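S.K.: Here's a sequence, model it:
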Amino acid sequence: MRSTASILHLDLDAFFAAVEQRDKPSLRGKPVIVGGLGHRGVVSTASYEARRFGVGSAMPMHEARRLCPHAAFLTGRFGAYREASGIVMGLLRRLSPLVEPLSLDEAFVDLAVDGRSLASGDLAAVATTLREDVEAQTSGLTASVGLGSSKFMAKVASELAKPNGLRLIEPGTEEATIRPLPARAIPGVGPATMERLGRLGVKTVADVQALSERELVRELGKASGEGLHRLAFARDDRAVQAERETKSISVEDTFEHDVRDRTQLAALIERDAVTLSERLAKARLFARTITVKVRLPDFTTFTRSQTLDGSTDRPEVIARQARSLVFGLDLSEGVRLLGVGVASFTEVAQEALFEPDAVGVVVEETSAAAQAPATAGVRDRRLGYAPGADVVHETMGPGWVWGSGLGRVTVRFETADTGPGPVRTLALDDPALRPADEPTDASP
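M.R.: Have a look, this model is predicted:
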């Protein structure tokens with residue numbers, strides 16, 4: 001353990017919703033809910049105005065609509081989120097070369113790199129300046145920042161600082177600080193681990209502290225049990241890592257006879273998902289990307305991947321995404337090889353919150369024979385525009401979609417710099433209207 005609180009954790013406040021409020025003036029100070037809007041959709045981020053009505057992350061979207069029917073319900077604009085994230089990560093890298101991003105909106109920073117030593121007052125001043133720079137350079141986004149003697153304590157500090165605050169946990173106070181917190185606050189304790197701990201009556205960190213290391217090992221296995229016991233007493237010597245050595249984990253099966261039965265393939269996927277989940281738990285990691293590899297009898301090989309907006313170690317999540325990718329292929333000739341893998345690791349669990357079709361699928365195809373070049377699928381805009389999407393009208397200018405359906409689309413024409421703008425309803429196939437990222441010479 002360090003003698004100074006020289007590890008920093010930054011977490012952008014209600015990030016997705018905050019970006020939407022920043023870019024849509026009419027939504028500032030109002031409830032905004034971002035997530036999957038379909039029948040299986042769940043909330044990704046709720047603004048603090050929506051949270052006052054009881055809306056929270058991972059809540060089913062239909063429940064959020066019941067609790068806060070007057071909110072703006074929007075799909076994600078990942079381009080805008082990545083742009084804002086890039087600015088913030090750039091600021092962090094100015095503080096230290098050791099920056100470990102966990103997701104678009106949070107990261108660890110080692111402020112003691114190269115033996116640099118800072119007093120608590122100096123560390124707090126660095127964090128204060130950082131928060132000011134984030135707000136200035138992102139045009140108003142705010143961040144909660146925590147400082148601690150370890151990654152665990154820095155993360156706890158930023159949670160205690162929310163929203164839009166700064167917290168430094170002084171060395172020597174760590175164990176007392178974490179004792180009343182939920183057990184989920186411990187790194188590596190995701191839904192699967194929490195389910196096992198629940199069988200032991202665990203709810204808080206204090207409950208974990210009350211268990212012996214032997215009991216934890218018996219329930220979770222040697223590596224996970226011993227690691228959890230250490231962290232429950234704030235003993236954490238994990239280093240901030242700019243890059244992870246492990247890039248991916250995968251399992252492959254080559255079959256002696258081609259497999260055609262979908263039920264058998266589904267069972268194999270579920271078995272592989274359990275294996276991957278166990279390996280993730282052992283490494284105390286969570287994955288954001290699910291991949292599958294399928295080889296047909298003629299050696300045509302498909303590799304597909306899907307990146308979640310969250311991260312998971314749950315076998316049912318891995319299996320569900322893998323099945324969706326595999327069974328989207330034509331398997332009528334059978335399968336010679338099947339592989340399932342996970343990648344894009346973090347140390348923090350965040351369930352996949354948008355529906356599967358809300359994130360791009362990367363497709364690669366190779367064959368023993370020459371293959372025609374693949375073309376990326378382009379959504380036909382006659383099917384409608386996603387709520388919250390950026391659009392441009394030839395005469396009205398830029399705006400964003402309130403909603404669409406029945407052959408019409410409703411747009412509020414405003415930008416971050418214009419102030420609240422007018423609302424207009426247009427024909428869905430209006431030739432003057434186009435997605436903001438579509439070239440002006442694109443065909444409808």
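S.K.: and the gap between the residue most central in space within the chain and residue 417?
M.R.: Nearest to the mean C-alpha position of the chain, by CA atoms, centre = their mean, lies residue 310 at 2.8 Å. Residue 310 sits 32 Å away from residue 417, going by CB to CB, to the nearest Å. Bear in mind the C-beta positions are built from the backbone N, C-alpha and C, glycine included.
S.K.: hang on, the residue nearest to the centre of the chain is in a helix, isn't it?
M.R.: No: membership of residue 310 in a helix is not supported by DSSP: H, G, I helix; E, B strand; the rest coil, which gives strand.
S.K.: can you tell me how far it sits from residue 53?
M.R.: 23 Å.
S.K.: Please apply the same query to residue 433.
M.R.: Applying CB to CB, the value for residue 433 to residue 53 is 33 Å.
S.K.: neighbour count winner among the two?
M.R.: Here residue 433 and residue 53 are set side by side on neighbour count (other CB atoms under 10 Å), and the busier one is residue 433, at 23 against 17.
S.K.: For that one, give the beta-bridge partners.
M.R.: Note on residue 433: beta-bridge partners residue 393, judged by DSSP bridges.
S.K.: and the helix or strand where residue 255 lies, how far from the chain's centre?
M.R.: When secondary structure is defined by DSSP states H and E, residue 255 falls within strand 248-259. Centroid separation for strand 248-259 versus its chain: 29 Å, with CA atoms, centre = their mean, to the nearest Å.
S.K.: List the pairing partners of that strand within its sheet, with orientation.
M.R.: Strand 248-259 sits in its sheet next to strand 335-346 (antiparallel), going by DSSP bridges.
S.K.: Output the partner strand as PDB, restricted to C-alpha atoms.
M.R.: Only the C-alpha atoms of strand 335-346 are listed here, as PDB (Å, rounded to 0.1, in the frame of the first residue of the first chain):
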ATOM      1  CA  VAL A 335     -20.000 -26.300 -39.000                       C
ATOM      2  CA  ARG A 336     -16.400 -27.600 -39.000                       C
ATOM      3  CA  LEU A 337     -15.000 -25.300 -36.300                       C
ATOM      4  CA  LEU A 338     -16.700 -23.200 -33.600                       C
ATOM      5  CA  GLY A 339     -14.900 -20.700 -31.400                       C
ATOM      6  CA  VAL A 340     -16.200 -18.200 -28.800                       C
ATOM      7  CA  GLY A 341     -14.000 -15.500 -27.300                       C
ATOM      8  CA  VAL A 342     -14.000 -12.300 -25.200                       C
ATOM      9  CA  ALA A 343     -11.900  -9.200 -25.400                       C
ATOM     10  CA  SER A 344     -11.700  -5.500 -24.400                       C
ATOM     11  CA  PHE A 345     -11.100  -6.100 -20.800                       C
ATOM     12  CA  THR A 346     -11.900  -3.900 -17.800                       C
END
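S.K.: for the helix of greatest length in the chain, which positions count as buried?
M.R.: Across the chain, the helix with the greatest residue count (assigned by DSSP state H) is helix 262-283. Buried residues in helix 262-283, counting neighbours by 16 or more other CB atoms under 10 Å, are found at 265, 268-270, 272-273, 275-277, 279-281, 283.
S.K.: Pull the distance from that helix to the chain's centre.
M.R.: 22 Å.
S.K.: got the contact list for that helix?
M.R.: Contact partners of helix 262-283, identified using CB atoms under 8 Å, 6 or more residues apart in numbering, comprise 188, 192-193, 220-221, 223-224, 246, 249-251, 253, 259, 286-287, 313-316, 318-319, 322-323, 326-327, 331, 335, 338-342, 345.
S.K.: rerun at 7 Å
M.R.: Residues from elsewhere that reach helix 262-283 (CB atoms under 7 Å, 6 or more residues apart in numbering): 192-193, 223-224, 246, 249, 251, 253, 259, 286-287, 313-315, 318-319, 322-323, 326-327, 335, 338, 340, 342.
S.K.: cool, stretch 37-48 as well?
M.R.: 14-17, 21, 31-36, 55-61, 64, 73, 75-76, 163, 309, 353-355, 387.
S.K.: List the buried residues for it?
M.R.: Going by neighbour count (16+ other CB under 10 Å), the buried part of stretch 37-48 is 37, 41-48.
S.K.: can you tell me which of those are in helices?
M.R.: Per DSSP H, those map to helices at residue 48.
S.K.: Is it possible to get TSV of the buried residues of stretch 37-48 that adds pLDDT and distance to residue 9?
M.R.: Shown next, in TSV, are the buried residues of stretch 37-48 (pLDDT from 0 to 100; distance: CB to CB, whole Å):
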residue	pLDDT	distance to residue 9
37	80	31
41	77	29
42	80	25
43	87	23
44	85	20
45	91	18
46	94	21
47	96	22
48	95	20
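S.K.: Show me which of the buried residues of stretch 37-48 is closest to residue 108.
M.R.: Of all the buried residues of stretch 37-48, residue 108 sits closest to residue 45, with 20.7 Å by CB to CB.
S.K.: tell me which residues form a beta bridge with the closest one?
M.R.: In this structure, residue 45 bridges to residue 34 when assessed by DSSP bridges.
S.K.: So which of the contacts of stretch 37-48 sit within strands?
M.R.: Judged by DSSP state E, strands contain the following of these: 32-35, 73, 309.
S.K.: neighbour-wise, which of these leads?
M.R.: Of the ones in strands among the contacts of stretch 37-48, with other CB under 10 Å as the count, residue 34 tops at 31 neighbours.
S.K.: looking at it, that residue is touching residue 19, isn't it?
M.R.: No: if you go by CB atoms under 7 Å, residue 34 and residue 19 don't touch, sitting 8.7 Å apart.
S.K.: still on that earlier bit, from the contacts of stretch 37-48, which would you call buried?
M.R.: Buried members of the contacts of stretch 37-48, scored by 16+ other CB under 10 Å, are 14-17, 21, 31-36, 55, 57, 59, 61, 64, 73, 75-76, 309, 353-355, 387.
S.K.: hang on, residue 299 is in a strand, isn't it?
M.R.: No: counting by three-state DSSP, residue 299 is not part of a strand but coil.
S.K.: neighbours of it, just the number please.
M.R.: By the criterion of other CB under 10 Å, residue 299 has 12 neighbours.
S.K.: now do residue 237
M.R.: Using other CB under 10 Å, residue 237 is surrounded by 9 other residues.
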